[in-house]
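# Pasting a predicted model and its sequence here:
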Amino acid sequence: MSSLARLALHRAQPLIGWLEALQPLALLAARVYVAQVFFLAGLTKLRDWDITLALFADEYRVPLLPPALAAWLGTGGELLLPVLLVLGLFGRFAAAGLFVVNAVAVISLVDIPPAALQQHHFWGSLLLGLLLWGPGRWSVDAWLHRRWLASPTMRP
């Protein structure tokens, strides 16, 4: 490796350290943002259940599920999974579940405007990142993992 490349890597180390220190905050921000989107959608569905059932019967074309069951599962997922995601409790499970809810929403809507589709892609990419990298150090999962590893009685 050339001395110029070594010097560049040496100079970049403080910046890399700062960026890595920001990872827990970025993961928390992604968790809160995506959770808010889905939780508010779930609350909207709960506010007028008759309209929600009508939408699932007429507008949303959820494959393989009866409309009423799809409405219950979708709304339940939009209300429970965001809470888990914000807490970072079973964070990867919550991210995977919301990823599926998001994918089903895209698949089931026949006429989805391009701007709405773009939002779903953005949410899906954030959820995929959380699924791959986990909820981060500022999560219940990380706290439980640290506690479990620190306790000699809890080790396998």
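Yep, it's here. Numbering: from 1, shown residues only.
# residue ranges for the strands of this protein, please.
Using DSSP state E, no strands are found in the chain.
# out of all of them, which helix in it is the longest?
helix 23-47 (DSSP state H).
# in that one, what's buried?
For helix 23-47, a neighbour-count test (16 or more other C-beta atoms under 10 Å) marks 24, 27-28, 30-31, 34-35, 37-39, 41-42, 45 as buried. For glycine as for every other residue, the C-beta is placed from the backbone atoms N, C-alpha and C.
# same deal with stretch 87-104?
So stretch 87-104, judged by 16+ other C-beta under 10 Å, has buried residues 87-92, 94-99, 101-102, 104.
# Then stretch 125-143?
L126, L127, L130, L131, G134, P135, G136, R137, S139, D141, A142.
# mind saving the C-alpha coords of it as PDB?
Output of stretch 125-143 as PDB, limited to C-alpha atoms (Å, rounded to 0.1, in the frame of the first residue of the first chain):
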ATOM      1  CA  SER A 125     -35.400  -0.200   2.700                       C
ATOM      2  CA  LEU A 126     -35.300   1.100   6.200                       C
ATOM      3  CA  LEU A 127     -37.000  -2.100   7.500                       C
ATOM      4  CA  LEU A 128     -34.600  -4.200   5.500                       C
ATOM      5  CA  GLY A 129     -31.600  -2.400   7.000                       C
ATOM      6  CA  LEU A 130     -33.100  -2.900  10.500                       C
ATOM      7  CA  LEU A 131     -33.600  -6.600   9.700                       C
ATOM      8  CA  LEU A 132     -30.000  -7.000   8.500                       C
ATOM      9  CA  TRP A 133     -28.200  -4.900  11.100                       C
ATOM     10  CA  GLY A 134     -30.600  -5.200  14.100                       C
ATOM     11  CA  PRO A 135     -32.100  -2.500  16.200                       C
ATOM     12  CA  GLY A 136     -28.700  -1.300  17.500                       C
ATOM     13  CA  ARG A 137     -27.100  -0.700  20.900                       C
ATOM     14  CA  TRP A 138     -29.900   1.500  22.100                       C
ATOM     15  CA  SER A 139     -32.500  -1.300  22.200                       C
ATOM     16  CA  VAL A 140     -34.000  -3.700  24.700                       C
ATOM     17  CA  ASP A 141     -32.500  -6.500  22.600                       C
ATOM     18  CA  ALA A 142     -29.000  -5.200  23.000                       C
ATOM     19  CA  TRP A 143     -29.600  -4.600  26.800                       C
END
